[in-house]
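J.: Whatever this is, show me its structure:
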Amino acid sequence: MITLKQYRQRQTRLLAKLPENSVCVIPGADLQTRSRDTEFGFRQHSDFWYLTGFNEPQAWLLLSNHSRYGGDCRGLVCLPKDPAMEIWHGRRLGPEQAVHELKFDEAYSTESLAEVLTEWLAEHDNLYFPQGEFPDADDAIFDALSVLRNTPKQNKAPSAIVDCRPLIHDMRLRKSGEEIAVMRTAAEVSARAHCRAMTFAHSGCFEYQLEAEIHHEFAMAGARYPAYGTIVGGGENACVLHYTENQDAIDDGSLILIDAGAEYNGYAADITRTFPVNGKFTPAQAALYQLVLDSQLLAIEQLVPGATLPEVTKNVVNVLTQGLCQLGLLTESVDDALANQSWRRFFMHGLGHYLGLDVHDVGEYTQQGSPRQLEAGMVITVEPGLYIPNEPDIAAEFRGTGIRIEDNLVITATGNEVLTDGAPKTIEGIEALMEQS
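T.: Next up, the predicted model:
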């Protein structure tokens, strides 16, 4: 778990990155309408969560290193206590308890937001703010700036407005030991859910039934929500990369591609497994599957400190292209297929992405115009795939087959750790697990 002490340390680290006499103002998320007068379950904005762990809507984090405070100062704006509203919509912490329980120096009610922003922005040289993230927050900030700029005979407004997100996102890119422990739990829960789906699967089952098995496993482990829309694609549906309809029955002999990960204490897992609904790969399915697995195992071996995603992707593409040529899916020579990028017909997405509080987590992939090297503490996915369209120039045994294998890796000082190895991915491992059902 991430402790209150760690949230405060993150705030201190962010303040240390700011020049003197700076204020950083970060709005949290608000409720989102689902239909008419109902809302989706609340999910805090990841940057705000990273810095506070506070999971109520309409909150604001205020940080200042102005000399007038005699050191760093931390403030929170949050919904006020309101017994009548809390009966209907749930308990609120309130400003008084925020100071007591979360150790903020100051806390204020959202009812006084305009006055609070004007007070906190005054006399600072620099304002750090995620402009453009929330339109209503932009309006509130610029209203406060307008008040300060129009104060008679003095301009107390910050002279510079700087985007705070690059600073926060660079902090979020390298995970602490505590974050990795939470992500390890998310991965273990997700791996169990994939195993459960494999053992439940049978010819004629519906994609949504497999989705239900997965989500139930998540919830029973304390991960109430998936980290993203769960993908359960049987047969040709697996060739739609972000297929989420999950509505079809799965025919005997088809492969099932499931891309699903739990969100646990805010952190995401992201696993993909592909397996035969009847528990046995056909020779053609096995040939394609082993090709994808071989490419993934090569990538895992090479994703270590100092490596870059583009260079590892290039090596993965070489393996996939050679295999596609051997299977007759590419009719050119390997060299020509690589030069012409003919392989893109069957592998059209990237090899992986950062993982953390967001499933496609923040952080730059380049530095000074060059690919960023991997460092200890980064968590990434590795997910090669092949998607064979149902088209007449394709051999019949391969048509409409989609295969992806995805794992989550934490980069360590000496290599990497696979967090998601609890879900089998060898042909033998998958068939053995499904035989037990």
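
J.: Excluding sequence neighbours, find me the nearest residue to residue 354.
T.: The spatial neighbour of residue 354 that comes closest, neighbours along the chain excluded (Cβ to Cβ, 6 or more residues apart in numbering), is residue 361 at 3.9 Å. Bear in mind the C-beta positions are built from the backbone N, C-alpha and C, glycine included.

J.: what about that neighbour, is that helix, strand or coil?
T.: Judged by DSSP: H, G, I helix; E, B strand; the rest coil, the three-state class of residue 361 is coil.

J.: Tell me where the stretch 151-300 of the chain is predicted with low confidence.
T.: When residues are selected by pLDDT under 70, none of them lie in the stretch 151-300 of the chain.

J.: Pull out the CA atoms of stretch 98-112 and give them to me as CSV.
T.: Only the C-alpha atoms of stretch 98-112 are listed here, as CSV (Å, rounded to 0.1, in the frame of the first residue of the first chain):
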residue,chain,number,x,y,z
ALA,A,98,-8.5,16.8,5.7
VAL,A,99,-6.1,18.8,7.9
HIS,A,100,-6.3,16.3,10.7
GLU,A,101,-6.2,13.0,8.8
LEU,A,102,-4.2,13.9,5.6
LYS,A,103,-1.9,16.4,7.3
PHE,A,104,-2.5,19.3,5.0
ASP,A,105,-1.4,22.7,6.2
GLU,A,106,-4.6,24.3,5.0
ALA,A,107,-7.9,22.9,3.7
TYR,A,108,-10.9,24.7,2.3
SER,A,109,-14.4,24.1,1.1
THR,A,110,-15.2,24.0,-2.6
GLU,A,111,-17.7,26.7,-1.8
SER,A,112,-14.9,29.2,-1.4
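
J.: Show me which positions of it end up buried.
T.: 98, 102, 104, 106, 107, 108, 109, 110 (16 or more other Cβ atoms under 10 Å).

J.: got the contact list for residue 157?
T.: With contact taken as Cβ atoms under 8 Å, 6 or more residues apart in numbering, residue 157 is in contact with 121, 122, 145, 148, 149.

J.: Reformat these as CSV; add secondary structure, pLDDT and distance to residue 311.
T.: Shown next, in CSV, are the contacts of residue 157 (DSSP: H, G, I helix; E, B strand; the rest coil; pLDDT from 0 to 100; distance: Cβ to Cβ, whole Å):
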residue, secondary structure, pLDDT, distance to residue 311
121, helix, 97, 45
122, coil, 95, 50
145, helix, 96, 46
148, helix, 95, 50
149, helix, 93, 50
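
J.: wait, which of the residues you listed is closest to residue 2?
T.: Closest to residue 2 out of the contacts of residue 157 is residue 121 (29.1 Å), distances taken as Cβ to Cβ.

J.: Pull the contacting residues for that closest one.
T.: Residues counted as contacts of residue 121 (Cβ under 8 Å, 6+ apart) are 23, 25, 127, 141, 144, 145, 148, 156, 157, 158.

J.: residues near the second one, how many?
T.: Counted by other Cβ atoms under 10 Å, the residues lying close to residue 25 total 25.

J.: residue contacts, the residue nearest to it when sequence neighbours are not counted?
T.: Nearest non-adjacent residue to residue 25, counting by Cβ to Cβ, 6+ apart: residue 129, 5.1 Å away. Residues in contact with residue 129 (Cβ under 8 Å, 6+ apart) are 24, 25, 26, 141, 161, 162, 163, 164.

J.: For residue 129, report the pLDDT, please.
T.: According to the prediction, residue 129 has pLDDT 98.

J.: returning to that earlier point: from what I can see the residue nearest to residue 354 touches residue 172, true?
T.: Yes: checked against Cβ atoms under 8 Å, the pair residue 361 and residue 172 is within contact range at 6.9 Å.

J.: Closest to the centroid, which residue in the chain?
T.: The centroid of the chain falls nearest to residue 359 when counting by Cα atoms, centre = their mean (1.3 Å).

J.: The helix or strand residue 429 falls within: how far from the chain's middle?
T.: Residue 429 belongs to helix 427-435 when assigned by DSSP states H and E. Chain-centre distance of helix 427-435: 29 Å, with Cα atoms, centre = their mean, to the nearest Å.

J.: Could you list every helix and strand that that helix packs against?
T.: Here helix 427-435 touches helix 177-200, strand 271-276, helix 283-302, going by 3 or more Cβ pairs under 8 Å, 6 or more residues apart in numbering; DSSP states H and E.

J.: what's the next secondary structure element after the longest one?
T.: Proceeding C-terminally, helix 177-200 gives way to helix 207-220 as the next helix or strand, assigned by DSSP H and E.

J.: counting contacts, what elements does that next one pack onto?
T.: If you count contacts as 3+ Cβ pairs under 8 Å, 6+ apart, helix 207-220 packs onto helix 177-200, strand 225-226, strand 231-234, strand 255-260.

J.: let's go with 7 Å and repeat that
T.: The contact analysis (3 or more Cβ pairs under 7 Å, 6 or more residues apart in numbering; DSSP states H and E) places helix 207-220 against helix 177-200, strand 231-234, strand 255-260.

J.: List of residues touching that helix?
T.: The contact list for helix 207-220, computed with Cβ atoms under 7 Å, 6 or more residues apart in numbering, reads 189, 192-193, 196-197, 200-201, 226, 230, 232, 234, 246-248, 250, 256, 258, 260, 262.

J.: Kindly report the same for stretch 80-90.
T.: Contacts for stretch 80-90 (Cβ under 7 Å, 6+ apart): 92, 94, 95, 109, 110, 111.

J.: unless I'm mixing things up, the third one is touching residue 106, no?
T.: No: shown here, residue 95 and residue 106 do not form a contact pair, counting by Cβ atoms under 7 Å, at 8.5 Å.

J.: Which helix or strand lies directly C-terminal to the strand or helix carrying residue 115?
T.: Per DSSP H and E: residue 115 is located in helix 113-121. Per DSSP H and E, the first helix or strand lying C-terminal to helix 113-121 is strand 126-128.

J.: hey, where'd the helices end up in the stretch 251-400 of the chain?
T.: Remark: helices assigned in the stretch 251-400 of the chain by DSSP state H, counting those that start in this stretch are 283-302, 309-326, 334-340.

J.: For residue 425, find the nearest of those helices.
T.: helix 283-302 (6.4 Å).
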